[in-house]
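> Sequence and predicted structure, then a few things I'm wondering about:
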Amino acid sequence: GENVEQHPSTLSVQEGDSAVIKCTYSDSASNYFPWYKQELGKGPQLIIDIRSNVGEKKDQRIAVTLNKTAKHFSLHITETQPEDSAVYFCAANGSWGKLQFGAGTQVVVTP
Amino acid sequence: EPEVTQTPSHQVTQMGQEVILRCVPISNHLYFYWYRQILGQKVEFLVSFYNNEISEKSEIFDDQFSVERPDGSNFTLKIRSTKLEDSAMYFCASSRLSDQETQYFGPGTRLLVL
């Protein structure tokens, strides 16, 4: 089955700097790669996603890149702000919409 | 903006007891899911449900688990005889017929089995 690896597990950045989180996946059939943000005590919130027919997608300060050949995708957050502090999960789709999640990255943005 | 809602937010139960976790998916969504997250670990898929049938289930979703859509709005997860290791956060998610992969998650139910 699908296996998604995510790095780093923790990431500390200064406010205003950029943050990059990387994921790899194993199933060549995966074609949908969402990113979720989870704040303490809350459910995962979809922040951006990318499908296999594009290599990059951007939404204001966040962007996602996908390299299907290498089976990896990354989340980029620019001009980080304290409210970006959260746990970020990448995921890849499997059969019947099932999402396989990475282990998560705790992002801490320090003022 | 429509949201997935879940009740209760917290549930404490004794080992061996049955629990039912409730979810109200987004109203025009037709695919429904349950995931769980043990404290500090990744979110794990349990089951997907479409057209009143289970589409896929994981190894975690054994005979102790069942799902049901009892009416037009609710989607439930039942754990028949809870174990200590069932303690986790349980998330419901839903997606549209036209875009199955894009799943929206509820706030979760924190289940503690004593």
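In hand now; what should we look at? Residues are numbered from 1 along each chain as shown, chains lettered A, B, ... in the order given.
> Show me which residues of chain B sit near chain A.
With CB under 8 Å from any CB of the partner chain as the criterion, chain B meets chain A at residues B:4, B:31, B:33, B:35, B:41-45, B:48, B:50, B:55-56, B:58, B:91, B:95, B:100-108. Backbone N, C-alpha and C define where each C-beta goes, glycine included.
> Show the subsequent helix or strand relative to the longest strand seen in chain B.
Longest strand of chain B, by residue count under DSSP state E: strand B:88-96. Later in the chain than strand B:88-96, the nearest helix or strand by DSSP states H and E is strand B:99-105.
> What pairs with that following strand, parallel or antiparallel?
strand B:88-96 (antiparallel) (DSSP bridges).
> burial of residue B:8, as a residue count?
13 (other CB atoms under 10 Å in any protein chain shown).
> show me what contacts the most centrally placed residue in chain B?
Residue closest to the average C-alpha location in chain B (CA atoms, centre = their mean): residue B:34, at 3.2 Å. By CB atoms under 8 Å, 6 or more residues apart in numbering or on different chains, residue B:34 lies in contact with B:21, B:23, B:46, B:47, B:67, B:77, B:90, B:91, B:92, B:93.
> three-state assignment of the fourth one?
The one in question is residue B:47. Following DSSP: H, G, I helix; E, B strand; the rest coil, residue B:47 is assigned to strand.
> what's the burial count for it?
So residue B:47, with other CB under 10 Å, has 21 neighbours.
> Excluding chain neighbours, what is closest to it?
Using CB to CB, 6 or more residues apart in numbering or on different chains and skipping residues adjacent in sequence, the residue nearest residue B:47 is residue B:57, 4.5 Å away.
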